[in-house]
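>>> Structure here, sequence nowhere to be found:
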C-alpha cells in the first residue's frame, strides 16, 4: 500500500481516509471519534517535510547513486589507518597486557607482582589498589546519559565474577614483554560457589554474584538475592482474558539462541597518551567516541574538556565496540607511566573477555481462533547477561519491542523479560540488539501455528501485520506513550512478493531421490531507526574560497560507509560533486557532538544533521548568488557546481561565490552551515526473508540452496552500500542459525580461542544471498531514508527452521540447527 493512498487501514483494520476518519465501512461513536482525533493530533500521519526531501528518482543527482565508498581506495592500498597503526607515531610507546581471573567466582586475596616488576622493560604493574586505578563503579555500555545499565564494574576488580575478569594490568616496552610479565603475576583467590546456568541462577539458593551495596544505578525489577539484574514487563489490552476464551486455540513454543561473537577482524584496540597541553587523548576503535569521553571523565574524575577521543578507521564493530571495553586500561597505565600506552586485545581475549550476544530462552504463546485471527500474543524471555549488566535491560526489551509491533493488528499483547547474572563472560550490544532472539521465537511460533491450523503461513501473517497509517501502540507498551509511532512507510507487501519470486516459492520441485526433501521457509522482521526521543547528531559544513567544502560530522563510520552517505546527502543539497567535499568525522575535539553508531541511527539521525547543515550553508550561498546575479533568491537554485537562475538561465559558479564571499570589497563572510537533529520518531524498516533447503531424512544433513531477503529501507542513499549491509547482516544471521557460537565449559570458561575454533561460516560454506531493496519513502528521514543495517540480521534462524519444518515435518527450536538435531527429531516421530 503506497504512502499517498487515499485510504489506508488503521490499527484496527478499518478503512480510513487520509485524515484518519473512518469511512462508510464502519460507524464510530462520538467518544471514539473524539479519541481517534486526539490520537491523530498527537501522532499525525502527515509529516511536514521540506519540498527537497521527496525527490523522484529522476531528480536525484547524488542520492540513490552507487557512489564509490569514500575510503575504499585507502583500504585496498593499505593507506587507511587503524588504531594499531598509530604506534609508529610514538617512539616512547609502551604496550599493555591484562592479567585476568582464572576462576569463575571469588575474591582476590593476594597479588604477587614481584617477578613481573623485576623483568627488564616492564614500566608498571597496576592492581586494584594502585593510585592510577579508579575505584569508581561504572558500566561499560556506551549509551545515552544517564546510562540505562547498572554501574557494576571496576577497571580492575578484587571480586571476580567470571573467567576473564581483569585483576591487574602491565605496561612494558614491547608487547612480548608485557604478556610475559602478565604471565609472571601470581594471583591467589578465596574461591566462591558459582553458577553458569541462567535458570539455576534464578533459584533463591543459587550463589549470589552481587550484593546491593556493590551496584549503583540499579535497574527496575532488580533482585540481586536471585541474581536478577532487571525485570521488565508491558501489556496491551487484556491478554489474560483472551487466552481464557472458549473459542481460541492456545499454542506455546520455546526457543533457545546461542552466545554469538562479533568476530571483528580488528580486535579491540586503544592508545592513550597525555599531550603537550596536559590533556588526555585516546585513539581508539570505538562506535561511541562522545559516550566514551563522558564515561572516562566520570571514571577518572577528569573534566570532559581535558579528554579527546579520536576514532580512526574501524575494522568492524557490530555493537561490540558500542561499549567502553578496553579504554580505561591504557589510560590508567598512561597515567602511571607518563607514556603513551597501546592495548590491543588478543584474539583469545576477544572470545572470552570482550562481549558477545546475549544467549536467551524465549517462550512464545498465542491465542488464535478457528478462522486464524490472532487474539493474543505473549512473549517471555530469560536473558543470560553474564557477569555484568552492560546493555542487559535494553537488549532484553528489544526481544519484545522490535518483533511484536510488526503485528500491530493483534489487540492483546504481553511481554516480560528477566535478565539474570551468571558466572559467564560478559554480553553486550550486538547487531540486531535483542531482535534476533525475539524474531526467532515469534516467526518460528507463527509458522508452527499456521501449520497446525492448516493456514497459509504468508497469508496468516499478512492478516495481522502493519500497514501505512497504523499507530504502533505495542512500541508504546514497552517504551511509554512517547514511544508510540505512526507508520508512514511500509513496503511489506512488495517485500513478500519479490522475495517469493526470488526464492521460487510457488515452483519448488522435489528431488528424485526418495530420502531427499526440499522445503521453503519465510520470516518477517521489523526493526527501528534510532531510538525514539533518545538520539542526537550534529554537523558543520564550511565552504572554502574555491567552492569546495569541509564537512565535520560527529556520526561514526565503523566500516559501513556512513562517511560516503554523508557526502552524498550534502552533495545533493549543495548541487556539487561528492569529490568537492572533504569529510572528517568522529573526533571529539574537532567534530560536533553525536551519540555514535548504534541502533541503526547513523544515516537517519546524523545524515539528517548533515542535510540541515548543507541547507543552512545553501541559504547563504544562494544569498551571495542573488547579489552576484542581481536576481531574487526565490528564482535561484544550486546544481552542477553553480548557482543558477530558473528564470533567466544565468549562473555563477560556487568557486566564484567562494572567492567573492571571502575576499569581496564591500562585505565578507565565511560561509558556514550548521545542523543538529534529534527526533521522537523511529520508523521501522521491514524485511521478508526466504530460505530454500533440501534435507536428507536418513542423515538429517541439509543443503541451503539460497537465501533471499527483501528489505524496505525507504530510499537507499547508496544502493550498493545498502546491499552490502543486507548481505553482511544476512551472513551474520545465517551464522546465528547454523553455528555453535561461543561454547563454555562447566566453569563458564570459553572453549573458543581463535577463528579456527569458532567456525564462522566461510564464503564457500555460505549459500548465495540475494539482497532485494524495496524502495518506499519515509518522510521523517533524509531524502526518504530509514535504516537497513540490522533488520536482515534477525530473519535467517526462523526462516531456516520453517524451511526444515516444511521439508521433513520436524521443528528445530534450539539453535544452532544441525543434522544431528534434525535426525533426532525424525527418530522421535
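Yep, it's here. Remember, it's a predicted structure, so these values are computed and weren't measured experimentally.
>>> got a list of what residue 124 touches?
By Cβ atoms under 8 Å, 6 or more residues apart in numbering, the contact list for residue 124 reads 94, 132, 170, 171, 333, 336, 337. In short, each C-beta sits where N, CA and C put it, glycine included.
>>> ok, it to residue 94 distance?
With distances taken as Cβ to Cβ, to the nearest Å, residue 124 is found 8 Å from residue 94.
>>> Just give me the residues shared between the contact sets of those two.
171, 333, 337.
>>> residue contacts, the last one?
Residues near residue 337 by Cβ under 8 Å, 6+ apart: 94, 123, 124, 171.
>>> that older thread, separate out the buried members of the contacts of residue 124.
With burial judged by 16 or more other Cβ atoms under 10 Å, the buried subset of the contacts of residue 124 is 94, 132, 170, 171, 333, 336, 337.
>>> which one is residue 342 nearest to, not counting chain neighbours?
residue 271 (4.6 Å; Cβ to Cβ, 6 or more residues apart in numbering).
>>> Check which helices and strands the helix or strand where the one you found lies sits against.
Using DSSP states H and E, residue 271 maps to strand 269-274. If contacts are counted by 3 or more Cβ pairs under 8 Å, 6 or more residues apart in numbering; DSSP states H and E, strand 269-274 sits against strand 280-284, helix 328-337, strand 341-344.
>>> Sketch out the helices for the stretch 551-700 of the chain, chain order is fine.
Assignment of helices within the stretch 551-700 of the chain using DSSP state H, counting those that start in this stretch yields the ranges 562-574, 607-629, 654-663.
>>> just those: most buried one?
Mean neighbour count (mean count of other Cβ atoms under 10 Å) peaks for helix 562-574 among these, with a mean of 27.
>>> Break down the stretch 651-800 of the chain into its strands, ranges please.
651-653, 672-677, 686-696, 702-712, 769-774 (DSSP state E, counting those that start in this stretch).
>>> Could you save these as CSV and add columns showing distance to residue 625?
Output for these, formatted as CSV (distance: least, Cβ to Cβ, whole Å):
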stretch, distance to residue 625
strand 651-653, 6
strand 672-677, 15
strand 686-696, 42
strand 702-712, 38
strand 769-774, 36
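>>> Same list (those strands) but as a markdown table, adding mean pLDDT, mean neighbour count and distance to residue 578.
Shown next, in a markdown table, are the strands of the stretch 651-800 of the chain (pLDDT from 0 to 100; neighbours: other Cβ atoms under 10 Å; distance: least, Cβ to Cβ, whole Å):
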| stretch | mean pLDDT | mean neighbour count | distance to residue 578 |
| --- | --- | --- | --- |
| strand 651-653 | 98 | 18 | 17 |
| strand 672-677 | 98 | 19 | 16 |
| strand 686-696 | 98 | 27 | 29 |
| strand 702-712 | 98 | 24 | 24 |
| strand 769-774 | 98 | 21 | 21 |
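>>> Tell me which of those strands sits nearest to residue 308.
When the strands of the stretch 651-800 of the chain are compared by Cβ to Cβ, strand 672-677 sits nearest residue 308, at 21.2 Å.
>>> That closest one vs helix 562-574, what angle?
Inter-element angle recorded for strand 672-677 and helix 562-574: 120 degrees (by axes from the mean of the first three to the mean of the last three Cα atoms, to 10 degrees).
>>> what are the pairing partners of strand 672-677, and which direction each?
strand 537-543 (antiparallel) (DSSP bridges).
>>> coming back round to it: of all the strands of the stretch 651-800 of the chain, which lies closest to residue 606?
Judging the strands of the stretch 651-800 of the chain by Cβ to Cβ, what sits closest to residue 606 is strand 672-677, at 7.6 Å.
>>> Need the residues that contact the closest one.
So strand 672-677 is contacted by 536-543, 592, 605-606, 608-620 (Cβ under 8 Å, 6+ apart).
>>> Stretch 52-66 now?
567-569, 571-573, 575, 578, 611, 615, 639, 715-720, 777, 779, 782-784.
>>> 7 Å - rerun?
Contacts of stretch 52-66 from elsewhere in the structure, counted by Cβ atoms under 7 Å, 6 or more residues apart in numbering, are 568-569, 571-572, 578, 715-720, 777, 779, 783-784.
>>> For it, buried residues please.
By neighbour count on 16+ other Cβ under 10 Å, the buried set for stretch 52-66 is 53, 55, 61, 62, 63, 64, 65.
>>> Next: stretch 756-763.
758, 760.
>>> can you check stretch 123-132 too?
Applying a neighbour-count criterion of 16+ other Cβ under 10 Å, one finds 123, 124, 125, 126, 127, 128, 130, 132 buried in stretch 123-132.
>>> does residue 652 really touch residue 641, like I thought?
No - at 10.5 Å, residue 652 does not count as touching residue 641 under the criterion of Cβ atoms under 7 Å.
>>> returning to what we had before: return the closest of the contacts of residue 124 with respect to residue 154.
Of the contacts of residue 124, the one sitting nearest to residue 154 (Cβ to Cβ) turns out to be residue 132, at 13.4 Å.
>>> tell me the secondary structure for the closest one?
Put simply, residue 132 is coil when judged by DSSP: H, G, I helix; E, B strand; the rest coil.
>>> Report the beta-bridge partners for residue 769.
residue 707.
>>> Could I get the shared contacts of residue 124 and residue 94 in JSON lines, plus columns for pLDDT and distance to residue 315?
Converted to JSON lines, the shared contacts of residue 124 and residue 94 look like this (pLDDT from 0 to 100; distance: Cβ to Cβ, whole Å):
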{"residue": "171", "pLDDT": "98", "distance to residue 315": "24"}
{"residue": "333", "pLDDT": "98", "distance to residue 315": "23"}
{"residue": "337", "pLDDT": "98", "distance to residue 315": "27"}
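>>> now residue 807, nearest residue through space, not along the chain?
In this structure, residue 807 finds its nearest non-sequential neighbour in residue 519, 2.9 Å apart by Cβ to Cβ, 6+ apart.
>>> Mean pLDDT and distance to residue 293 added to the helices of the stretch 551-700 of the chain, as JSON lines?
Converted to JSON lines, these look like this (pLDDT from 0 to 100; distance: least, Cβ to Cβ, whole Å):
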{"stretch": "helix 562-574", "mean pLDDT": "98", "distance to residue 293": "19"}
{"stretch": "helix 607-629", "mean pLDDT": "98", "distance to residue 293": "19"}
{"stretch": "helix 654-663", "mean pLDDT": "98", "distance to residue 293": "33"}
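>>> Out of those, which gets nearest to residue 797?
Of the helices of the stretch 551-700 of the chain, the one closest to residue 797 (Cβ to Cβ) turns out to be helix 562-574, at 27.5 Å.
>>> Report the angle between that closest one and helix 654-663.
Here helix 562-574 points in a direction 90 degrees away from that of helix 654-663 (the same axes, to 10 degrees).
>>> got the angle between helix 562-574 and helix 607-629?
Interaxial angle of helix 562-574 relative to helix 607-629 (the same axes, to 10 degrees): 30 degrees.
>>> coming back round to it: tell me which of the helices and strands packed on strand 269-274 approaches residue 109 most closely.
Minimum separation from residue 109 across those (Cβ to Cβ) falls at helix 328-337, 22.2 Å.
>>> Taking strand 269-274 as reference, get the angle to the closest one.
Angle, helix 328-337 to strand 269-274, by the same axes, to 10 degrees: 30 degrees.
>>> how does this structure divide up, domain by domain?
Annotated domains of the chain cover 7-59, 72-77+536-677, 83-194+266-352, 488-529+683-829 [automatic domain parsing].
>>> Show me the one of the ones you listed that comes nearest residue 409.
Of all the domains of the chain, domain 7-59 comes closest under Cβ to Cβ, at 5.7 Å.
>>> what's the single longest strand in this protein?
In the chain, with assignment by DSSP state E, the single longest strand is strand 374-386.
>>> ok so, going back, weakest of the domains of the chain in terms of mean pLDDT?
Lowest mean pLDDT within those: domain 7-59, a mean of 64.
>>> re earlier: would you mind giving the contacts of residue 124 as JSON lines with distance to residue 806 added?
JSON lines is the format used below for the contacts of residue 124 (distance: Cβ to Cβ, whole Å):
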{"residue": "94", "distance to residue 806": "58"}
{"residue": "132", "distance to residue 806": "60"}
{"residue": "170", "distance to residue 806": "55"}
{"residue": "171", "distance to residue 806": "58"}
{"residue": "333", "distance to residue 806": "56"}
{"residue": "336", "distance to residue 806": "61"}
{"residue": "337", "distance to residue 806": "62"}
